[in-house]
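Mind folding the following:
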Amino acid sequence: MNGGPSGRISMEDFRPKFLSGIVGQDAVVTRLQGLANGVQSGRIVPPNLLLHGPPGIGKTTAARAFAREVLGEQFDNSFYQLRASDDRGIGVVRDGIIPLSRQPPKRGAPFRVFFFDEADALEPPVQSALRSAMEEGWGTTVFILACNDLGLISAPMRSRCMILEFRLVPAQEMRRLLTQVVTGGSLSIEGPLMDSIVERSEGIPREAIKLLVETIGRSTASGGAQPSQVGPGSEPPPS
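This next block holds a predicted model:
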């Protein structure tokens, strides 16, 4: 990880690109890796996925990492992420996304992936339309949904997905996650400060990384370690 322009770092610098870099969600990673292996061997088309857990726990990171592993070189032209800020109304879904989901995938991709972040914000008519698309089972598209509140996803939608729960990261795993960052470069953080970040993060990786970046910023401002010193091996997911 080399940071952004002029050696500056941001939260995004810490997002792992592959499943092997995700820390603290072993059960989820094991299941996703098993699906990815099946796709890579040509044996399966994975089921639709529903990832749920608190904000900042790693759902988006896992969805993107899984898609990158199954799509390979076709990731950029076969992965579609729809955030809560995007237009995800019934017209867009019914007239744009669903017809595209029925078409053969581009180039050598095994299928395309539509990722709906914050899917618990989708209106009921949109969820109903997506459910219908999932029922058709064309084998050309895999839907991945991520939500904070599983109760806001309709029962018919839930029944058509493999549901994966993301849990709060235990303190020991959070410490390992942060250690991977600081030992990846020449940055040094004292034990009590590391313990403070772990405790204040309350099991949320994004919060831990935010606190760590703030710490690096304060250290740099006071003449300590430079941001660019956080080097290769940085793997923790920010969201």
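
Tell me which stretches of this protein form strands.
In order along the chain, the chain carries the following strands (DSSP state E): 49-52, 79-82, 112-116, 141-147, 162-165.

can you put those strands in a markdown table and add mean neighbour count, distance to residue 173 and mean pLDDT?
The C-beta positions use only the backbone N, C-alpha and C, and glycine is treated the same way. Putting the strands of the chain into a markdown table (neighbours: other CB atoms under 10 Å; distance: least, CB to CB, whole Å; pLDDT from 0 to 100) gives the following:
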| stretch | mean neighbour count | distance to residue 173 | mean pLDDT |
| --- | --- | --- | --- |
| strand 49-52 | 24 | 18 | 98 |
| strand 79-82 | 17 | 27 | 96 |
| strand 112-116 | 24 | 25 | 97 |
| strand 141-147 | 25 | 21 | 97 |
| strand 162-165 | 16 | 16 | 98 |
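
how near is residue 106 to residue 158?
Per CB to CB, to the nearest Å, residue 106 is found 29 Å from residue 158.

Now distance to residue 93 too, for the strands of the chain, in TSV please.
Formatted as TSV, the entries for the strands of the chain read as follows, by distance: least, CB to CB, whole Å:
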stretch	distance to residue 93
strand 49-52	17
strand 79-82	9
strand 112-116	9
strand 141-147	11
strand 162-165	21
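
Determine which of those strands approaches residue 102 most closely.
With respect to residue 102, and counting by CB to CB, the nearest of those is strand 141-147 at 7.6 Å.

Quick one: residues in contact with the closest one.
Where contact means CB atoms under 8 Å, 6 or more residues apart in numbering, the residues beyond strand 141-147 that reach it are 45-52, 59-60, 63, 66-67, 70, 100-102, 105, 111-120, 130, 133-134, 153, 157, 161.
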